[in-house]
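Colleague: I would like the atomic coordinates for the input below:
(one chain, ligands or ions: 1)
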Amino acid sequence: LNVGVIGCGYWGPNLVRSMVETNRCDQIFCCDRSKTALAKVVRRFPCVCPVERMDDMIDRCDAVVVATPVMTHYEIAKTILLRGKAVLVEKPLAISCTQARELMELADANNATLMVGHTFVYSPPVRKVKEYIRTGIVGDIYFVSSSRVNLGIHQKDINVLWDLAPHDLSILLYWLGDNPCRVSAIGRACVGALPDVANIHYYFPSGILANLEISWLAPSKLRRTVVVGSRSMLIYDDTNVTEKVKLYDKGVDLKTPESFGEYQLSYRTGEIVAPNLDGTEPLLLEANHFLDCVETGAQPETDGQMGLDVVLALEAASHSMRSGGRFVEIDYSSAPVPELMLEERRIA
Ligand SMILES: NC(=O)c1ccc[n+]([C@@H]2O[C@H](COP(=O)([O-])OP(=O)(O)OC[C@H]3O[C@@H](n4cnc5c(N)ncnc54)[C@H](O)[C@@H]3O)[C@@H](O)[C@H]2O)c1
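Modeller: Got it, this is the predicted structure:
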């Protein structure tokens, strides 16, 4: 396979490295409109072939990875799909659900693979938690609470919601196998014009509540998610090197009343299990999965539909944030809110 990577800034070189490490690419082309970025990636990976213009590269590739700023995803992915080539677009897929839907339609019409770089879905700890949920070990999930904060790079084109929440949303969608139906979000632009801290509450049709705390302003890095269920609880801490997942046999049960008016809770504290996890880097698993899909025509796990669902949930949260935390229903069948899209473009 010949693979191209467009965008060699902060994240792109990691994708180039993963493609090199798959050992499955005949040729890897790199494209960036910045000569400095291109020269840097070539110095780091002498095996890659630098290209300045995207158009000169696409026809020579079987598949293309897009790691450019979010506002450019739609135009670049559209160009690639129109030429019938497979594309892996970094998260989030696009800046509006209209754009995301159009990319899905283009992929269908051109019989081309469309995958979104929701890397955490390929991460062994995240998959372990999915197994605990799927096999009933966690029981009925009551709520999920996550903190994704650090002194992060302030992006120029998007706020913290569009930068960090795609990770938590893709994990939630994968774990729960469902989409949130309602959201309330608040945020603040502390430094600069775009919100750099936010608190988001997503509600799922099953009653599950998910709280996301995201911030580019924090003294230390937290990547911690707590899942509380009726049978057990767990903590997924991606910054923990040795024990990323811990399963707690802890909970509170409401005893069946023996007499009228009796109300008794019993507390359970049992074993704590830290499972042994595959240490393969998620990005390498993602790169291999993309190449598998390109070769076999299989549907990616993080396909255009997941990309669209994440964008819909982000759009609704943006809308809520701008109205000071008002509840916003997330309608998966309806057209986008026009003024919301205009607002997104204005911010950009
Ligand atoms: N999956 C993850 O964990 C993860 C982590 C970080 C960033 N990302 C995503 O990666 C993408 C890129 O983010 P970044 O932080 O690397 O941005 P960046 O600004 O550091 O790099 C973007 C690069 O794209 C180049 N570029 C812009 N427009 C171009 C065009 N039309 N043609 C060719 N090159 C162009 C720029 O010159 C720059 O070098 C974003 O979508 C971001 O959300 C994903």
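Colleague: any regions of this structure where pLDDT drops low?
Modeller: 334-348 (pLDDT under 70).
Colleague: near the ligand, which residues of it? Just list them.
Modeller: 6-12, 31-34, 37, 54, 67-70, 72, 76, 90-91, 117, 119 (Cβ under 6 Å from any ligand atom). For glycine as for every other residue, the C-beta is placed from the backbone atoms N, C-alpha and C.
Colleague: give me the residue from the stretch 1-150 of the chain nearest the ligand.
Modeller: Gly9 (1.9 Å; Cβ to the nearest ligand atom).
Colleague: also the stretch 201-348 of the chain?
Modeller: Leu283 (7.6 Å).
Colleague: show me where the stretch 151-300 of the chain has strands.
Modeller: 182-188, 197-203, 209-215, 222-229, 233-237, 245-254, 265-273 (DSSP state E, counting those that start in this stretch).
Colleague: partners of the fourth one, with directions?
Modeller: When pairing is defined by DSSP bridges, strand 222-229 lines up against strand 141-149 (antiparallel), strand 233-237 (antiparallel).
Colleague: as a markdown table, those strands with mean neighbour count would be great.
Modeller: As requested, the strands paired with strand 222-229 are exported to a markdown table (neighbours: other Cβ atoms under 10 Å):
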| stretch | mean neighbour count |
| --- | --- |
| strand 141-149 | 19 |
| strand 233-237 | 20 |
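Colleague: contacts only, for the residue of the stretch 201-348 of the chain closest to the ligand.
Modeller: 14-15, 17-18, 119, 122 (Cβ atoms under 8 Å, 6 or more residues apart in numbering).
Colleague: and what of Gly325?
Modeller: Contacts of Gly325 by Cβ under 8 Å, 6+ apart are 184-186.
Colleague: go again using 6 Å as the cut-off
Modeller: By Cβ atoms under 6 Å, 6 or more residues apart in numbering, Gly325 lies in contact with 184, 186.
Colleague: what's the answer for Asp140, then?
Modeller: Asp140 is in contact with Ser230, counting by Cβ under 6 Å, 6+ apart.
Colleague: all helices for the chain, in order.
Modeller: 12-22, 35-44, 54-58, 73-82, 97-109, 124-134, 160-176, 282-296, 304-322, 338-347 (DSSP state H).
Colleague: ok, which of these comes nearest Asp253?
Modeller: helix 124-134 (19.0 Å; Cβ to Cβ).
Colleague: what's across from Ala185 in the sheet?
Modeller: With DSSP bridges as the criterion, Ala185 is bridged to Ile200.
Colleague: residues near Cys25, how many?
Modeller: Neighbourhood size, Cys25 [other Cβ atoms under 10 Å]: 21.
Colleague: that one is in contact with Val3, isn't it?
Modeller: Yes. Cys25 lies in contact with Val3 (Cβ atoms under 6 Å); the separation is 4.8 Å.
Colleague: find residues that contact each of these two.
Modeller: Overlap of the contact sets of Cys25 and Val3 (by Cβ under 6 Å, 6+ apart) consists of Met19.
Colleague: hey, C-alpha coordinates of stretch 76-89 in CSV?
Modeller: Extracted C-alpha coordinates of stretch 76-89, given in CSV (Å, rounded to 0.1, in the frame of the first residue of the first chain):
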residue,chain,number,x,y,z
ILE,A,76,-9.4,17.9,2.4
ALA,A,77,-11.3,14.7,3.1
LYS,A,78,-13.8,15.7,0.4
THR,A,79,-11.0,16.1,-2.2
ILE,A,80,-9.7,12.6,-1.3
LEU,A,81,-13.0,10.8,-1.3
LEU,A,82,-14.0,12.4,-4.6
ARG,A,83,-11.0,10.6,-6.1
GLY,A,84,-12.2,7.3,-4.6
LYS,A,85,-9.3,7.0,-2.1
ALA,A,86,-9.6,5.7,1.5
VAL,A,87,-9.2,8.4,4.1
LEU,A,88,-8.5,8.4,7.9
VAL,A,89,-9.5,11.8,9.2
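Colleague: if we go by neighbour counts, what in it is buried?
Modeller: Using 16 or more other Cβ atoms under 10 Å as the test for burial, stretch 76-89 gives 76-81, 85-89.
Colleague: run through who's touching that stretch.
Modeller: So stretch 76-89 is contacted by 58, 63-66, 73, 103, 106-107, 110, 112-117, 290, 294 (Cβ under 6 Å, 6+ apart).
Colleague: so what touches stretch 6-14?
Modeller: Applying Cβ under 6 Å, 6+ apart, the set of residues contacting stretch 6-14 is 5, 30-32, 37, 41, 54, 66-68, 283.
Colleague: out of these, what pair is the most spread apart?
Modeller: Met54 and Leu283 (22.3 Å).
Colleague: these two touch, right, Gly304 and Leu114?
Modeller: Yes. Assessed by Cβ under 6 Å, Gly304 is found in contact with Leu114 at 4.2 Å.
Colleague: what do the two both touch?
Modeller: Ala107.
Colleague: closest to Leu164 out of the strands of the stretch 151-300 of the chain?
Modeller: strand 209-215 (4.2 Å).
Colleague: now for the residue most central in space within the chain: which residues touch it?
Modeller: Nearest to the mean C-alpha position of the chain, counting by Cα atoms, centre = their mean, stands His167 at 3.2 Å. Neighbouring residues of His167 by Cβ under 6 Å, 6+ apart: Phe120.
Colleague: from Thr302, how far out is it?
Modeller: Distance, His167 to Thr302, by Cβ to Cβ, to the nearest Å: 12 Å.
Colleague: ditto for Glu243
Modeller: Noted for Glu243: a distance of 26 Å to Thr302, by Cβ to Cβ.
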